[in-house]
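Engineer: Dropping the sequence and predicted coords here.
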Amino acid sequence: MIVAIVLAAGKSQRMGAQKLLLPLKGVPVITRVVDEVLASPVDEVLVVVGQDRAAIEHALQGRPVTLAVNPEVGGEMLSSVRQGLRALSSQARAALVVLGDQPAISRAVVAELVVAFNRRGGGIAVPTFQGKRGHPLLLSTAYRDEILRSYDAVGLRGLLKNRAGDVVEVPVSVPGILEDLDSPADYLRNCRAGRTDW
């Protein structure tokens, strides 16, 4: 079983508003992201929420997702990853770590990661565009305990470095794997870009 962990607990301080609720193509960013993940070859979708739980839950109304709450208000991304890993069922063999503010996520990219992961028989699958690594990451639950107890200062970058031999890079044609929404400029650029990859 592959479970997507969508990280949606951030406070969006740099944006000045909850970026996951901003509209893109007529729907909130988080709705767009979750809909694309639901259309990909994952078995379950788990959304890690924080202080804006009620609004995000409303944006995802009617969708077959499970919510997990990150109690660490203002916590780093790793705290949400850990909360998601703790909420996984014992049947999960892999977790797809998805940024809730990555509107260019693609079901096709997820499918390519799954193929590479299955071919490798586990490990960590990372998408790349023009040689640069991006998101989402697909990783074996064999690393769950390691992530829960390590990498406080560096996040999942520490896992990728420590387990470099387990990483398979998956070249994709979607530049959006390198982008997320951190600032009003990022949001406006995405609104104006007329993107074809989402």
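Structural biologist: Looks like it arrived, so ask away. Residues are numbered from 1 along each chain as shown.
Engineer: Contact partners for Thr31?
Structural biologist: Residues near Thr31 by Cβ atoms under 8 Å, 6 or more residues apart in numbering: Ala59, Leu60. To be clear about C-beta, it is placed using only N, CA and C from the backbone, and glycine gets the same treatment.
Engineer: Report whether it is found in a helix, as I expect.
Structural biologist: Yes - under DSSP: H, G, I helix; E, B strand; the rest coil, Thr31 falls within a helix.
Engineer: so where does the residue nearest the centre of the chain fall, helix or strand?
Structural biologist: Of all residues in the chain, the one closest to the mean position by Cα atoms, centre = their mean is Val98, 0.8 Å from it. Val98 is part of strand 94-99, with elements assigned from DSSP states H and E.
Engineer: Residues in contact with that strand: which ones?
Structural biologist: With Cβ under 8 Å, 6+ apart, strand 94-99 has contacts from 1-7, 33, 37, 42, 81, 84-85, 88, 105, 110, 113, 117, 122, 135-141, 144, 156, 180.
Engineer: just stretch 157-175 next, same as before
Structural biologist: For stretch 157-175, contacts defined as Cβ under 8 Å, 6+ apart pick out 104, 106, 108-109, 112-113, 116-117, 120, 122-130, 133, 139, 143, 146-147, 150-151, 154, 197.
Engineer: Just the ones of those in strands?
Structural biologist: Counting by DSSP state E, these place Ile124, Ala125, Val126, Pro127, Thr128, Phe129, Arg133, Leu139 in strands.
Engineer: give me the low-pLDDT residue ranges for this protein?
Structural biologist: Residues of the chain meeting the criterion pLDDT under 70: 11-17, 73-74, 181-198.
Engineer: which residues in it form helices?
Structural biologist: 29-38, 53-59, 77-87, 107-120, 144-149, 156-162, 184-192 (DSSP state H).
Engineer: Could you check how far the strand holding Val98 is from the centre of its chain?
Structural biologist: How far strand 94-99 lies from its chain's middle: 5 Å, per Cα atoms, centre = their mean, to the nearest Å.
Engineer: neighbours around Ser90, how many?
Structural biologist: For Ser90, the neighbour count with other Cβ atoms under 10 Å is 6.
Engineer: Same question for Ser80.
Structural biologist: Neighbours of Ser80 (other Cβ under 10 Å): 26.
Engineer: and the gap between it and Gln51?
Structural biologist: Using Cβ to Cβ, to the nearest Å, Ser80 is found at 12 Å from Gln51.
Engineer: Now which of the contacts of stretch 157-175 would you call buried?
Structural biologist: Buried members of the contacts of stretch 157-175, scored by 16 or more other Cβ atoms under 10 Å, are 104, 106, 109, 112-113, 116-117, 122-127, 129, 133, 139, 143, 147, 151, 197.
Engineer: Who are the contact partners of the closest residue to Ile30 other than its chain neighbours?
Structural biologist: Nearest residue to Ile30 in three dimensions, chain neighbours excluded: Leu20, at 3.9 Å (Cβ to Cβ, 6 or more residues apart in numbering). Applying Cβ under 8 Å, 6+ apart to Leu20 gives the contacts Ala8, Gly10, Ser12, Pro28, Val29, Ile30, Asp52, Ile56, Ala59, Gly100, Asp101.
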